[in-house]
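S.K.: Model the following, please.
(one chain, ligands or ions: 2)
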Amino acid sequence: MGADLERVLVTQEEIEAKLVELAERIDEDYRGQDLLLVGVLKGAVMVMADLARAVHSPVKMDWMAVSSYGSGTKSSGVVRILKDLDADIAGRHVLVVEDIIDSGLTLSWMLANLTSRGPASLEVCAFFRKPEAAKVDIPVKYVGFDIPNEFVVGYGLDYAERYRNLPFVGTLAEHVYGGSKPT
Ligand SMILES: O=P(O)(O)OC[C@H]1O[C@H](OP(=O)(O)OP(=O)(O)O)[C@H](O)[C@@H]1O
Ligand code: HPA
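M.R.: Ligands and ions are numbered 1, 2, ... in the order given. You can find the predicted model right below:
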């Protein structure tokens, strides 16, 4: 995969250090409470797995898969649930774990949807965020890294389903896109 990469934006070491930092805050903020982590498939698989192991509290984990309708790689904000939560979240403390907030449209829809189910609390942990790409303002309690408005891969993030298993985050070389670079 090395030849496909342009540059590394966030290293594996930086990711590992940030996970510990976020996990400490989560442990402290939710001490004594029953916390449900909700991961958004598929991108959040890496950060969910690592964050859940970095926290010391006995969290529970559930998953949602959503499909965002739009042209190509752009999120449209029109979302369909492909896999719903197994759990009823009414009255529970919920922390949504996302790999990335880009336009914010996916999470904006998800938060409205989850709020309607009556959780005791609902917060967001987004490991990466592109502030310059935001189309809606999302209240995010835990942010890993603010990154530039460029298409990135690695640590769960894909291009055409590839590169999710890179242990760092970076940009891809021009030749990978064959003239159709996502924005
Ligand atoms: O802020 P937005 O512009 O809405 O973009 C963010 C969403 O896009 C990605 O998911 P994607 O739809 O690519 O699915 P995946 O997680 O299966 O890769 C990412 O995991 C977020 O869910
Ligand atoms: O920069 C990105 N890379 C991969 N998937 C994404 N989904 C939203 N933004 C991105």
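S.K.: Please list the residues of the protein that sit near ligand 1.
M.R.: 40-43, 68, 75, 98-107, 158 (CB under 6 Å from any ligand atom). Any C-beta I mention is one placed from the backbone N, CA and C, and that applies to glycine too.
S.K.: What ranges does this structure have for its strands?
M.R.: 5-10, 35-41, 60-69, 78-83, 93-101, 121-129, 142-146, 169-172 (DSSP state E).
S.K.: what lines up beside the longest one in the sheet?
M.R.: Spelled out, that is strand 60-69. Note on strand 60-69: by DSSP bridges, its sheet partners are strand 35-41 (parallel), strand 78-83 (antiparallel).
S.K.: Out of those, which gets the lowest mean score?
M.R.: Mean pLDDT values for these show the minimum at strand 78-83, a mean of 90.
S.K.: if I look at the closest residue in space to Val79 that isn't next to it in sequence, how far off is Glu132?
M.R.: Distances taken as CB to CB, 6 or more residues apart in numbering put Trp109 closest to Val79, at 4.3 Å, once the chain neighbours are dropped. From Trp109 across to Glu132, the span is 21 Å (CB to CB, to the nearest Å).
S.K.: and those two? which has more neighbours close in?
M.R.: Trp109 (20 against 11; other CB atoms under 10 Å).
S.K.: my guess is that one meets Ser67, correct?
M.R.: No: using CB atoms under 8 Å, Trp109 is not in contact with Ser67; the gap is 11.2 Å.
S.K.: Select only the buried ones of the residues of the chain next to ligand 1 in PyMOL?
M.R.: Buried residues within the residues of the chain next to ligand 1, by 16 or more other CB atoms under 10 Å, are selected in PyMOL with:
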select buried, resi 40+43+68+75+98+99+100+101+102+103+104+105+106+107
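S.K.: Alright, I will stop here.
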